[in-house]
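Student: Mind folding the following:
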Amino acid sequence: MDLKPIGGDAGDVIPAPLLVLAAAFCTQSGQALGKHLFDRLDPLGVLCLRLGIAALIVVGLYRPIRRPRTRRQAAAVAGFGVAVAGMNLIYPALEYLPLGVASTIQLMGPLTVAVAGSRSARDLVVVALAAAGLWLIRDPASGPLHWQGLLLAGASAVAMGSYLLLSRELAGTLGHSALAVALPVAACLWLPAGIANNGATMIQPQMLAWGAAVAILSAAVPYSLEMAALERISAATAGVLLSLEPVVAAIAGLLVLDETLSIRRSLGIAVICVATATAIRHANTSANTRRPTAGSPHSAVRTTQDRQWDDTGEQR
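Tutor: Presented below is the predicted three-dimensional model:
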């Protein structure tokens with residue numbers, strides 16, 4: 001029996017923008033919960049459980065799965081899996097950085113994709129805003145931001161940008177199946193390190209339960225809520241709403257982890273959110289939302305106007 005994506009019925013009664021904001025809240029709350037587990041598992045153990053359990057959930061939600069039929073597709077899916085694995089470097093980054101700061105740096109990936117190659121005055125202003133936001137986040141008076149965390153969060157941003165570019169290529173032919181194949185690839189890439197660092201602790205029932213909670217909260221639920229919302233609003237609108245995630249991350253960090261940010265760092269986060277929302281809105285409007293865009297950092301999203309594909313990958 002096929003599983004129905006979470007949020008399918010809720011999408012009929014809850015306003016679509018609230019679904020997108022709920023997805024952002026779930027994502028960042030899940031990451032905060034994951035960081036909360038660092039005293040029991042190291043970051044690699046947490047992300048390994050998250051990816052492994054999320055892979056099982058997504059494979060169950062979106063079957064039957066279409067397999068790559070060409071070498072190009074297979075290479076793209078493999079790269080997609082590597083990108084998903086790289087995005088999860090935000091978990092090791094959280095060992096050194098507050099959740100709000102790490103999430104803001106990760107958002108630079110979608111921002112870069114949105115403005116790459118543009119010479120418009122608007123996008124130059126966006127770049128300037130992003131640079132100003134990063135300068136504000138630095139805030140030496142609030143204590144140093146460890147270079148290890150900045151490097152890991154930056155690598156996660158690069159991976160997120162790659163993820164978005166690959167999602168555009170794969171969504172038209174493999175759709176949800178691309179993520180259902182890529183997630184197990186990503187989980188397998190991290191599994192050896194997770195086991196080496198944590199051993200049998202990872203498979204203790206309590207740890208598996210916590211890992212399932214992180215996976216459901218930060219992956220399965222947000223992905224399904226976004227898909228339900230995108231049946232009724234454009235990818236551009238969803239992208240603007242999801243660009244608020246660093247703000248949500250800062251709030252989740254405060255409530256779950258008792259992480260407080262200075263006024264200067266909070267202002268820097270807000271500036272980068274504005275820059276990203278502007279860039280994504282402009283990029284998606286230019287593309288007229290005809291294909292997956294940099295609007296969603298969690299999934300290769302498709303609007304209801306997109307073409308539908310059967311299980312052989314041929315247009316219906």
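
Student: Just list what the host helix or strand of Ala85 packs against, helices and strands only.
Tutor: Here Ala85, judged by DSSP states H and E, is contained in helix 71-87. Contact here means 3 or more C-beta pairs under 8 Å, 6 or more residues apart in numbering; DSSP states H and E; on that basis helix 71-87 packs against helix 147-171, helix 176-198. No exception for glycine: its C-beta is placed from N, CA and C like everyone else's.

Student: which stretches of the stretch 201-316 of the chain have low pLDDT?
Tutor: Low-confidence segments of the stretch 201-316 of the chain (pLDDT under 70): 227, 230, 234-236, 283-316.

Student: Apply 50 and report the result again.
Tutor: Applying pLDDT under 50 to the stretch 201-316 of the chain flags residues 288-316.

Student: what about the helices in it?
Tutor: Assigned by DSSP state H, counting those that start in this stretch, the stretch 201-316 of the chain shows helices spanning 205-215, 221-229, 235-242, 245-257, 263-287.

Student: picking up where we left off before, so after the helix holding Ala85, what's the next helix or strand?
Tutor: helix 90-93.

Student: quick one: contacts of the helix or strand just after that next one?
Tutor: For helix 90-93, the succeeding helix or strand toward the C-terminus, using DSSP H and E, is helix 99-106. Applying C-beta atoms under 8 Å, 6 or more residues apart in numbering, the external contacts of helix 99-106 come out as 28, 31-32, 35, 87, 90, 93-94, 97, 133-134, 137, 145, 149-150, 153-154, 156-157, 160, 245-247, 249-250, 252-253, 257, 259, 261, 265-266, 268-269, 272-273, 297.

Student: filter those to the buried ones?
Tutor: Taking 16 or more other C-beta atoms under 10 Å as the criterion, what is buried in the contacts of helix 99-106 is 28, 31-32, 35, 87, 90, 93-94, 97, 133, 137, 145, 149-150, 153-154, 156-157, 160, 245-247, 249-250, 252-253, 257, 259, 261, 265-266, 268-269, 272-273, 297.

Student: Check the burial of Val59 by counting its neighbours.
Tutor: 17 (other C-beta atoms under 10 Å).

Student: Leu261 contacts Ala252, doesn't it?
Tutor: No - using C-beta atoms under 8 Å, Leu261 is not in contact with Ala252, being 11.9 Å away.

Student: residues in contact with Ser156?
Tutor: Ser156 sits next to 86-90, 93, 102, 105-106, 109 when contact means C-beta under 8 Å, 6+ apart.

Student: if we go to 6 Å?
Tutor: 87, 89-90, 106 (C-beta atoms under 6 Å, 6 or more residues apart in numbering).

Student: What of Ala186?
Tutor: 51, 81, 84-85.

Student: mind checking the end-to-end distance for stretch 139-151?
Tutor: 17 Å (C-alpha to C-alpha, to the nearest Å).

Student: Now do it, average pLDDT.
Tutor: On average, the pLDDT along stretch 139-151 is 86.

Student: got the contact list for that stretch?
Tutor: For stretch 139-151, using C-beta under 6 Å, 6+ apart, the contacting residues are 93, 96-97, 262, 264-265.

Student: follow-up on the earlier one: reformat the helices and strands packed on helix 71-87 as a markdown table; add distance to Ala128.
Tutor: Below are the helices and strands packed on helix 71-87 laid out as a markdown table (distance: least, C-beta to C-beta, whole Å):
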| stretch | distance to Ala128 |
| --- | --- |
| helix 147-171 | 18 |
| helix 176-198 | 34 |
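
Student: Out of these, which gets nearest to Leu41?
Tutor: helix 176-198 (5.4 Å; C-beta to C-beta).

Student: Just want the angle from that closest one to helix 71-87.
Tutor: If you take axes from the mean of the first three to the mean of the last three C-alpha atoms, to 10 degrees, helix 176-198 sits at 40 degrees to helix 71-87.

Student: Just the CA trace of helix 176-198, in CSV.
Tutor: Only the C-alpha atoms of helix 176-198 are listed here, as CSV (Å, rounded to 0.1, in the frame of the first residue of the first chain):
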residue,chain,number,x,y,z
HIS,A,176,10.5,12.6,-6.5
SER,A,177,12.4,9.4,-7.3
ALA,A,178,15.6,11.5,-7.6
LEU,A,179,15.4,12.3,-3.9
ALA,A,180,14.3,8.8,-3.0
VAL,A,181,17.5,7.4,-4.7
ALA,A,182,19.8,10.2,-3.5
LEU,A,183,19.0,10.0,0.2
PRO,A,184,20.1,6.4,0.5
VAL,A,185,23.3,7.3,-1.4
ALA,A,186,23.9,10.2,1.1
ALA,A,187,23.2,7.9,4.1
CYS,A,188,25.7,5.3,2.8
LEU,A,189,28.4,8.0,2.4
TRP,A,190,28.1,9.0,6.1
LEU,A,191,27.4,5.5,7.6
PRO,A,192,31.1,4.4,8.0
ALA,A,193,32.0,7.7,9.8
GLY,A,194,28.9,7.5,12.0
ILE,A,195,29.6,3.9,13.0
ALA,A,196,33.3,4.5,13.6
ASN,A,197,32.7,7.5,15.9
ASN,A,198,29.7,6.1,17.8
